[in-house]
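*Asks:* A structural model of the following input is requested.
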Amino acid sequence: MKIKRLCAANIREAMRKIREELGPDAVILSNQRSDAGFEIVAAVDYDEQLLHGVQQAATREAAAPEPGVAAQPENPPAQSTARPAPQTAPPGQAARRTADCGRAAPTPPDQPRIVWSQDPLLVEMRQELQVMHNLLEQQLSGLAWGELARRQPQRAELLSQLLDFGCHPSLCLQLAEAAAGERDPARAWRLALATLGRGLSVTEDDILSQGGVVALIGPTGVGKTTTVAKLAARYNLRHGPHRVALITTDSYRIGAFEQLSTFGMILDAPVRLVRTTRELQDAVKAFADKSLVLIDTAGMSQRDLRLSQQFALLSDISRIRSYLVLAANAQHAVLQESTTAFARVPLSGAILTKVDETTRLGAALSAVHEQALPLAYIGNGQRVPEDLQAARIDALIRLGEEFAGLYGAPPEHDTLALTFGKRLTANVRC
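*Replies:* Below you'll find the predicted structure:
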């Protein structure tokens, strides 16, 4: 092992000297501030176990008392030629002294030692290296995007449009690749949207036509209860009254049962609250004479540990068809996390709500595209039952174009570089 002590005015200068004199494989053993700046001890051909043993030995030596010092009293008595008369200690006191002498001297606690990998200077150096890495990555991303915009301006423009539409960057690259052979920008845009439409689908089993036992599941606040009311009202209008029953499993939210009960009174439909699988089975049997039984489940975060209980409640009854309710105004990361978490239940399709509250449809379409989840209905308002339509892919894409035209703005160069540049450089490395 070759050890070198180096002094420098700052950390960067010290690192440069270490690389020049010991090479890139050098390991920093210690560091301290000095009058000149920093003093660093580094080594090559480093043996961590050997250094650890040396450090432990040094710690023990530092903690051990010097010989002859601990044995001497702090205030030694004055020397006297007269010998005092021996005194006899009481029996109890003598026994305690004997016991105290038999005890081992207390071992001093180990001195705290900073692990070399957690040294404050090394932590600071790692942070600076991470900053430099991020800056370099941003520069490379900017160069990659600039090169793409120079060599393939049509593709760069198409990626910008798709990102403005709201699509996830990975889906943008897929759609742009599908339209790579088209030189005309307008036709390339239409081709990309047509490719997106072919990747989406709608459900074949219409709830309002087939009826059955249907459960709506999804995170909190996506509009499950309102969607249940819309479906029940639409079914009543199409098939007549007294054909629908409502069940809720939401015993957590205050007023959840009362809200559904209000809808039930308006629709003249029975409503029941269940908490266990047995209660749900009994409720489904009790409503066997109803053509449509709608189950409004408790809204829970996709990270809630109680979610598995909700899944178990629905999975034990094979007759239930579950639909995932997603809010179109949510971020793509939230939608993606929701579709992944709730996919543990066999899903018959998805219902997209709050379409009227979003400025981009691409995020929601990207999420259902990734999971190949067919769409059943679209909710675009609070009115019951008017604001509920059967899903149509062409209508959704046109609506997405309309939103992009009304609320969109061309992404800035830095945004495009950070979004696509890293992926472009990764593709080049592959």
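
*Asks:* just give the nearest non-adjacent residue to residue 30, would you?
*Replies:* residue 41 (4.6 Å; Cβ to Cβ, 6 or more residues apart in numbering). Quick note: C-beta positions are derived from backbone N, CA and C, even for glycine.

*Asks:* do residue 399 as well
*Replies:* Distance criterion Cβ to Cβ, 6+ apart; nearest residue to residue 399, sequence neighbours excluded, is residue 361 at 6.2 Å.

*Asks:* contacting residues around the one you found?
*Replies:* Neighbouring residues of residue 361 by Cβ atoms under 8 Å, 6 or more residues apart in numbering: 165, 166, 328, 355, 396, 399, 400, 403.

*Asks:* what distance do you get for it to residue 129?
*Replies:* Per Cβ to Cβ, to the nearest Å, residue 361 is found 41 Å from residue 129.

*Asks:* same deal with residue 122?
*Replies:* Applying Cβ to Cβ, the value for residue 122 to residue 129 is 10 Å.

*Asks:* cool, and residue 264?
*Replies:* Counting by Cβ to Cβ, the separation of residue 264 from residue 129 is 63 Å.

*Asks:* between these two, which one's more packed in?
*Replies:* residue 264 (20 against 11; other Cβ atoms under 10 Å).

*Asks:* surely that one meets residue 273?
*Replies:* No. Taking contacts as Cβ atoms under 8 Å, residue 264 lies outside contact range of residue 273: 11.2 Å.

*Asks:* what's the domain layout of the protein?
*Replies:* Using automatic domain parsing, the domain ranges for the chain come out as 1-63, 207-391.

*Asks:* could you identify which of these is most buried?
*Replies:* Ranked by mean neighbour count under mean count of other Cβ atoms under 10 Å, the domains of the chain are led by domain 207-391, which reaches a mean of 19.

*Asks:* how about residue 191: what's its closest non-neighbour residue?
*Replies:* residue 179 (4.2 Å).

*Asks:* now the one you found: phi and psi?
*Replies:* Dihedral pair for residue 179: phi -100, psi 20, per degrees, to the nearest 10.

*Asks:* three-state assignment of residue 373?
*Replies:* coil (DSSP: H, G, I helix; E, B strand; the rest coil).

*Asks:* show me what contacts it?
*Replies:* By Cβ under 8 Å, 6+ apart, the neighbours of residue 373 are 324, 339, 347, 349, 350, 367.

*Asks:* and it, what are its phi and psi?
*Replies:* Torsion angles, degrees, to the nearest 10, at residue 373: phi -100, psi 120.

*Asks:* now do stretch 383-401: distance to the chain's middle.
*Replies:* Stretch 383-401 sits 30 Å away from the centroid of its parent chain (Cα atoms, centre = their mean, to the nearest Å).

*Asks:* span of that stretch from start to end?
*Replies:* 24 Å (Cα to Cα, to the nearest Å).

*Asks:* model confidence over that stretch, on average?
*Replies:* For stretch 383-401, the mean per-residue pLDDT is 91.

*Asks:* what does it contact?
*Replies:* Outside stretch 383-401, the residues within contact range by Cβ under 8 Å, 6+ apart are 165-166, 193, 196-197, 200-203, 206, 226-227, 229-231, 233-234, 237, 263, 352, 355-356, 360-362, 365, 375-381.

*Asks:* can you give me the strands for the stretch 151-300 of the chain?
*Replies:* Using DSSP state E, counting those that start in this stretch, the strands found in the stretch 151-300 of the chain span residues 212-217, 244-248, 271-273, 292-296.

*Asks:* pipe those strands into CSV and attach mean pLDDT and distance to residue 258 per row.
*Replies:* Shown next, in CSV, are the strands of the stretch 151-300 of the chain (pLDDT from 0 to 100; distance: least, Cβ to Cβ, whole Å):
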stretch, mean pLDDT, distance to residue 258
strand 212-217, 91, 18
strand 244-248, 92, 10
strand 271-273, 91, 10
strand 292-296, 92, 12
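
*Asks:* those: which one's closest to residue 15?
*Replies:* Smallest distance to residue 15 across the strands of the stretch 151-300 of the chain (Cβ to Cβ): 54.5 Å, for strand 212-217.

*Asks:* residue 5 against residue 41, yeah?
*Replies:* Yes. Counting by Cβ under 8 Å, residue 5 touches residue 41, with 5.2 Å between them.

*Asks:* alright, calling it a day.
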